[in-house]
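[1] Provided below for reference: sequence and predicted model.
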Amino acid sequence: MSNRKPIIAGNWKMFKTVSEAVSFFSEIKGKAEVDGVESVICAPFTTLPALVEAAKGTSIAIGAQNVHFEDNGAFTGEISGVMLKDLGVKYVIIGHSERRAYFAESDEIVNKKVHASFKNGLLPIVCVGEKLEEREAGQTKDVCKVQTEAAFQGVSAAQAAEVVIAYEPIWAIGTGKSSTSEDAQDVIGYIRGVVAGLYDQATADAVRIQYGGSVKPNNVAEYMGQTDIDGALVGGASLEPASYIALVEGAK
Ligand SMILES: O=C[C@H](O)COP(=O)(O)O
């Protein structure tokens, strides 16, 4: 039995205005708060101040979806870890496949962002995962190994134990084609082994690893039933209050 606390994180991506975010939160307050499950909303930057305020006195944590690796500077349009910490944000998603694909986020940048997060007291949710053609070529585990090792470069064991990894096969994101729970367990167990190789078994046993990719209220429990799967990073199904509440309840 692991001591890892299950973690459900909603990734809203580029959805919701401030008023929509606040209205969503008022509906999940007290409901998406389940003993033994950590509940996190990763929202657009513009909504974060209002959400952090709304989340006061609740057990729901607020996360960002990106962070720049420098604390400040001439980086037009970027947001730093200093700024996120100042807002009261707890988590930050790093290296989501959409950022890797559309914003040229490399493994090196991902690693710099992981360091920037810890430097500023934020907890990273690091995304790894293979493309369809990589899966078909039998490269899934190799891809995840390379991405995981790069993300953890120079990260201490104490910090590593606090990282959340999200394994998201890219072909499963937003497609309705989820990985089977057995396949997800196979890859996630392998990723845990990669972390053990970098550090030690105790560190690897502490790291929480989520599955992401078309997770819905009706399949979340199946993933949670697998030994190494500690939660889910959820896009589409995190956008409606009832659905998000059901996801958190399903992770018990
Ligand atoms: O970050 C979340 C993932 O990209 C999964 O998105 P999805 O649940 O809409 O497939």
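    The structure has been received and is ready for your questions.
[2] mind listing what the residue minimising distance to the centre of the chain touches?
    Centre of the chain computed as the mean C-alpha position; nearest residue by C-alpha atoms, centre = their mean is residue 125, 3.9 Å away. By C-beta atoms under 8 Å, 6 or more residues apart in numbering, the contact set of residue 125 is 9, 40, 42, 63, 91-94, 164-166, 210, 233. C-beta: built from backbone N, CA, C; applies to glycine.
[3] What of residue 11?
    Neighbours of residue 11 in contact, by C-beta under 8 Å, 6+ apart: 42, 65, 93, 96, 212, 233-235, 238.
[4] Now do the buried residues in stretch 8-21.
    In terms of neighbour count (16 or more other C-beta atoms under 10 Å), stretch 8-21 has its buried residues at 8-13, 15-16, 21.
[5] Please see if that stretch touches the ligand.
    Yes - applying C-beta under 6 Å from any ligand atom, one finds that stretch 8-21 is in contact with the ligand at residue 11.
[6] Pull the distance from that stretch to the chain's centre.
    Stretch 8-21 sits 14 Å away from the centroid of its parent chain (C-alpha atoms, centre = their mean, to the nearest Å).
[7] What are the boundaries of the strands in this protein?
    Ranges of strands in the chain, per DSSP state E, are 7-11, 38-42, 60-64, 91-94, 123-128, 164-167, 208-212, 231-234.
[8] For stretch 63-73, what does the pLDDT average out to?
    For stretch 63-73, the mean per-residue pLDDT is 98.
[9] Now the terminal residues of it, how far apart.
    Stretch 63-73 stretches 22 Å from its first residue to its last (C-alpha to C-alpha, to the nearest Å).
[10] Give the buried residues for it.
    Buried residues in stretch 63-73, counting neighbours by 16+ other C-beta under 10 Å, are found at 63-69.
[11] between those, which is closest to the ligand?
    Checking those against the ligand by C-beta to the nearest ligand atom gives residue 65 as the nearest, at 8.4 Å.
[12] Where does pLDDT dip in the chain?
    Within the chain, the segments meeting pLDDT under 70 span 1.
[13] Go again with 90.
    1-3, 177-178 (pLDDT under 90).
[14] How are the helices of it distributed by residue range?
    18-28, 48-55, 81-87, 97-102, 107-119, 132-136, 140-151, 157-160, 181-198, 201-206, 220-224, 241-250 (DSSP state H).
[15] Which one, of the ones you listed, ends up nearest to residue 175?
    Nearest to residue 175, of all these, is helix 132-136, at 9.6 Å by C-beta to C-beta.
[16] where does the stretch 151-252 of the chain come near the ligand, residue by residue?
    Neighbours of the ligand within the stretch 151-252 of the chain, by C-beta under 6 Å from any ligand atom: 168, 173-174, 212-215, 233-237.
[17] Please, a ChimeraX command that selects the buried ones among those residues?
    Those of these that count as buried under 16+ other C-beta under 10 Å are selected in ChimeraX with:
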select :168,173,212,213,214,215,233,234,235,236,237
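[18] closest to residue 109 among the residues of the stretch 151-252 of the chain next to the ligand?
    Nearest to residue 109 out of those is residue 168 (C-beta to C-beta; 17.5 Å).
[19] Make a markdown table from the helices of the chain and add distance to residue 35 to it.
    Below are those laid out as a markdown table (distance: least, C-beta to C-beta, whole Å):
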| stretch | distance to residue 35 |
| --- | --- |
| helix 18-28 | 16 |
| helix 48-55 | 17 |
| helix 81-87 | 27 |
| helix 97-102 | 32 |
| helix 107-119 | 27 |
| helix 132-136 | 37 |
| helix 140-151 | 31 |
| helix 157-160 | 27 |
| helix 181-198 | 24 |
| helix 201-206 | 21 |
| helix 220-224 | 15 |
| helix 241-250 | 11 |
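[20] Before I go, just wanted to say thanks for your time.
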